[in-house]
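1. from the sequence below, what's the structure:
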Amino acid sequence: MNRFISTILSLFFLCFFIPTNAFAAFGLISQKLTPPTPGPNQEVTIQLNSYNVNLNASKIIWYINGEAQKEGTAETSFVTRTGDFGEKKVIDVVIFAQDGARFDKQIVLAPAEVDVLWEAQTYTPPFYKGKALPTYKSLIKVSAIPRFNAATSDPAAYYYKWTLDINKGVGEALGKNSTVIAAGWPDSHVNIAVETSLPGTDWKGAKNLDINSTNPEVVFYEQAPLLGTRFAQAMGAGLMAEGNEFTIQAAPYFFALDNYKNGELVYDWRVNRNRVLPTLDPLKLILTKSSKAAENFGVSLSIQNAKRVIQQGGAATAVSFSAEQ
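-> So this is what the prediction gives:
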């Protein structure tokens, strides 16, 4: 029993009389990297901070891969460049405080490359070869492809943290290599950023990009009786029709795909400023000449998303029929 009490007292006194420099490994000195997650071959600034150690009165020595690079009193910052993709750079910092205590810090720069791809969930007509563009409040799927110390990587093995417009978190988890966000106002952008790391290693990567929003568009095409819709050439401001009948096929671009599929777009056709009802297909209008005289039709179509009312677009054209001989 006496031995047990003696051991307890020894531990008690030891806790109160540990020398100051024994706390060097307890995080008394922190570091800040700018940028926080540098990429390959990028300049990075390391800044030391401490509320417990007077760094301005301390001698500080900076090492890279074991070789001294900079030393002096109050040398609290250091600028270097990261290595190539897949190359680690080890930075050791030795700090001699004014009271003689020594502190050691190690910072490992292990830059990775991250590619970010985005896909707008908006409608485009058949045979359209371009990229679907985001419009007001349409959904955008954003995916990250990390590349660390290998040419290819399994996305499920990494940890991802997604941020929208600098400070709004939009999900983080192991294997969460994609997220879905909403587009911003027309002619504006949203900023999406992702930080990714390989658990249990020093490898880290980050990427951010701006995704611009646009307005939906409506384009008119001629639907020929035998050839079908001539998607290769838009109608433009007007044309001269042959025969006594002409069919206009409208194509909406970049309206929210879910609203398009659910029939939530409102179509307003006008001929010579008078509202008309289209055929069973709301994107098709048939013009018929009513006499042997020449006739001109001013045609317009306005499409509005009933669920996302700022999503709207339109087109106008003129179709002329010549007089019969």
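2. and residue 264, how far from residue 186?
-> Distance from residue 264 to residue 186, counting by Cβ to Cβ, to the nearest Å: 19 Å. Every C-beta, even on glycine, is put in place using the N, C-alpha and C of the backbone.
3. got a list of what the residue most central in space within the chain touches?
-> With distances taken as Cα atoms, centre = their mean, residue 192 lies nearest the centre of the chain, 3.3 Å away. The contact partners of residue 192, by Cβ atoms under 8 Å, 6 or more residues apart in numbering, come to 116, 118, 142, 162, 163, 164, 170, 179, 181, 208, 209, 211.
4. helix, strand or coil for it?
-> strand (DSSP: H, G, I helix; E, B strand; the rest coil).
5. does the closest residue to residue 316 other than its chain neighbours sit in a helix or strand, and which one?
-> Take residue 316 and drop its neighbours on the chain: the residue closest to it by Cβ to Cβ, 6 or more residues apart in numbering is residue 300, 4.1 Å away. Assessed by DSSP states H and E, residue 300 sits inside strand 295-305.
6. report the buried residues of that strand.
-> 295, 297, 299, 300, 301, 303, 304, 305 (16 or more other Cβ atoms under 10 Å).
7. need the contact list for the residue lying closest to residue 84 once chain neighbours are set aside.
-> Counting by Cβ to Cβ, 6+ apart, residue 40 is the residue found nearest to residue 84 once chain neighbours are left out, at 5.6 Å. Residues in contact with residue 40 (Cβ under 8 Å, 6+ apart) are 82, 83, 84, 85, 87, 111, 112, 113.
8. before we move on, what SS does residue 156 have?
-> Residue 156 - assigned by three-state DSSP - is helix.
9. pLDDT score assigned to it?
-> Looking at residue 156, its pLDDT reads 86.
10. and the one 4 residues further on, by the same measure?
-> What the model reports as pLDDT for residue 160 is 96.
11. show me which of the contacts of residue 192 are buried.
-> For the contacts of residue 192, buried by 16+ other Cβ under 10 Å: 116, 142, 162, 163, 164, 170, 179, 181, 211.
12. phi, psi for the first one please.
-> So the one you mean is residue 116. Here is the backbone geometry of residue 116 (degrees, to the nearest 10): phi -120, psi 130.
13. not counting sequence-adjacent ones, nearest residue to it?
-> Excluding its sequence neighbours, the residue lying closest to residue 116 (Cβ to Cβ, 6+ apart) is residue 207, at 4.8 Å.
14. what segments of the stretch 1-150 of the chain are helices?
-> 2-16 (DSSP state H, counting those that start in this stretch).
15. where does it dip in pLDDT?
-> 1-27, 149-150 (pLDDT under 70).
16. OK, contacts around the residue nearest to residue 139 when sequence neighbours are not counted?
-> In this structure, residue 139 finds its nearest non-sequential neighbour in residue 121, 4.1 Å apart by Cβ to Cβ, 6+ apart. Counting by Cβ under 8 Å, 6+ apart, residue 121 makes contact with 132, 138, 139, 140, 141, 256, 257, 258.
17. filter these down to the buried ones, ChimeraX style.
-> Restricted to buried positions by 16+ other Cβ under 10 Å, the ChimeraX selection for the contacts of residue 121 reads:
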select :132,138,139,140,256,257
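18. show me which of the buried residues of strand 295-305 is closest to residue 246.
-> Closest approach between the buried residues of strand 295-305 and residue 246, by Cβ to Cβ: residue 297, at 8.2 Å.
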